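In: Sequence first, then the predicted structure, then my questions.
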2 protein chains.
Amino acid sequence: MFMIEADIFRALADPTRRAVFERLASGEMSVSALKARFSVSQPAISQHLAALKAAGLVAERREGRFSYYRVAPEGLAPLVDWIDRYRAFWPERIDRLKDVLKGLEP
Amino acid sequence: MFMIEADIFRALADPTRRAVFERLASGEMSVSALKARFSVSQPAISQHLAALKAAGLVAERREGRFSYYRVAPEGLAPLVDWIDRYRAFWPERIDRLKDVLKGLEP
DNA sequence: ACATTAGATAAGCGGATGCTTATGCGATTC
DNA sequence: GAATCGCATAAGCATCCGCTTATCTAATGT
């Protein structure tokens, strides 16, 4: 199960697709609701969603003829893991992140 | 200087280029030394390095006719920032990372 | 001075990719 | 049950991308 991060990097490399993901972060959304936010066709949206879903970055929920998509944040875990492998290289950076995290439980 | 993460995502999306970056993480390397590790031509390596450099992920040091490349880990900061924007969505995940970080100072 | 070596750049090619329009399919609505 | 709606899929197309070979520059070696 190596190279899972490959699909994630590829999925997030496209600006529109990344924007779709970011949009979903603000809340679950139907395809048509998403389409209204972007200047691409509905099939384009569906294709981006399929790519994000295949990468494990979004999840789908069908309700009648509607499909609601939401971010699957755990799909970003391999990305975090990948970056984590290089944390030894930028100590001051990880310190800043550490501070942020520790702020969650003062 | 918006959309910096765009270049980073794109740079890391290609498997070979990501492998080059990972290889450099093990230490500074000349182009020819890198080339010996991969089954692509020298121009391909140079092109990957140029892309990584443009994304701020590697740095170059010229010495005579040699060019030594090394990872520029601070170049990953925008990526960390980007992911950080979504940490609220996967609390159990951030907890795990938090544990890792706290393990650094037990 | 000439040849060689390290690396970057140019040009071109084939395959991948993101978009479009057209169509198919199931669920609603009338 | 016919029309419509929401969405997915198919097919085609233009562009992008990563690769190659060829060439160029600069530095070193003989």
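Out: Nice, I can see it.

In: In chain A, which residue sits closest to DNA strand C?
Out: A:G64 (2.5 Å; CB to the nearest atom of the strand). (C-beta placed from N, C-alpha, C; glycine too.)

In: Pull the number of nearby residues for that residue.
Out: For A:G64, the neighbour count with other CB atoms under 10 Å in any protein chain shown is 5.

In: roughly how far out does the helix or strand hosting A:P78 sit from the chain middle?
Out: Secondary-structure assignment from DSSP states H and E places A:P78 in helix A:77-84. Centre-to-centre, helix A:77-84 and its host chain are 13 Å apart (CA atoms, centre = their mean, to the nearest Å).

In: other SSEs contacting that helix?
Out: Counting contacts by 3 or more CB pairs under 8 Å, 6 or more residues apart in numbering or on different chains; DSSP states H and E, helix A:77-84 packs against helix A:4-13, helix B:77-84, helix B:91-102.

In: rerun that using 6 Å as the cut-off
Out: The elements that helix A:77-84 packs onto, with contact taken as 3 or more CB pairs under 6 Å, 6 or more residues apart in numbering or on different chains; DSSP states H and E, are helix A:4-13.

In: is it true that A:R70 lies in a helix?
Out: No. The assignment for A:R70 (DSSP: H, G, I helix; E, B strand; the rest coil) gives strand, which keeps it out of a helix.

In: Neighbours of it, how many?
Out: For A:R70, the tally of surrounding residues (other CB under 10 Å) stands at 15.

In: got a list of what it touches?
Out: Going by CB atoms under 6 Å, 6 or more residues apart in numbering or on different chains, A:R70 touches A:24, A:28, A:59.

In: That one bridge partners, please.
Out: Using DSSP bridges, the beta-bridge partners of A:R70 come out as A:A59.

In: Is stretch A:16-32 positioned near DNA strand D?
Out: Yes. Stretch A:16-32 lies within reach of DNA strand D by CB under 7 Å from any atom of the strand, at A:30-32.

In: Can you pull out the residues in contact with that stretch?
Out: Here stretch A:16-32 makes contact (CB under 6 Å, 6+ apart) with A:12, A:37, A:45, A:48, A:52, A:57, A:66-71, B:86.

In: Which of those are buried? Put it as a PyMOL command.
Out: Buried subset of the contacts of stretch A:16-32, written as a PyMOL selection, criterion 16 or more other CB atoms under 10 Å in any protein chain shown:
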select buried, (chain A and resi 12+45+48+52+57+67+68+69+71) or (chain B and resi 86)
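
In: how about the contacts of stretch A:16-32, which pair is most distant?
Out: Using CB to CB, the contacts of stretch A:16-32 reach their maximum pairwise distance at A:L12 and A:F66, which is 25.5 Å.

In: where does chain A have low pLDDT?
Out: Counting by pLDDT under 70, chain A contains low-confidence residues at A:1-3, A:87-106.

In: for DNA strand D, what are the nearby residues on it?
Out: A:30-33, A:35, A:42-43, A:45-47, A:49-50, A:60, A:65-68.
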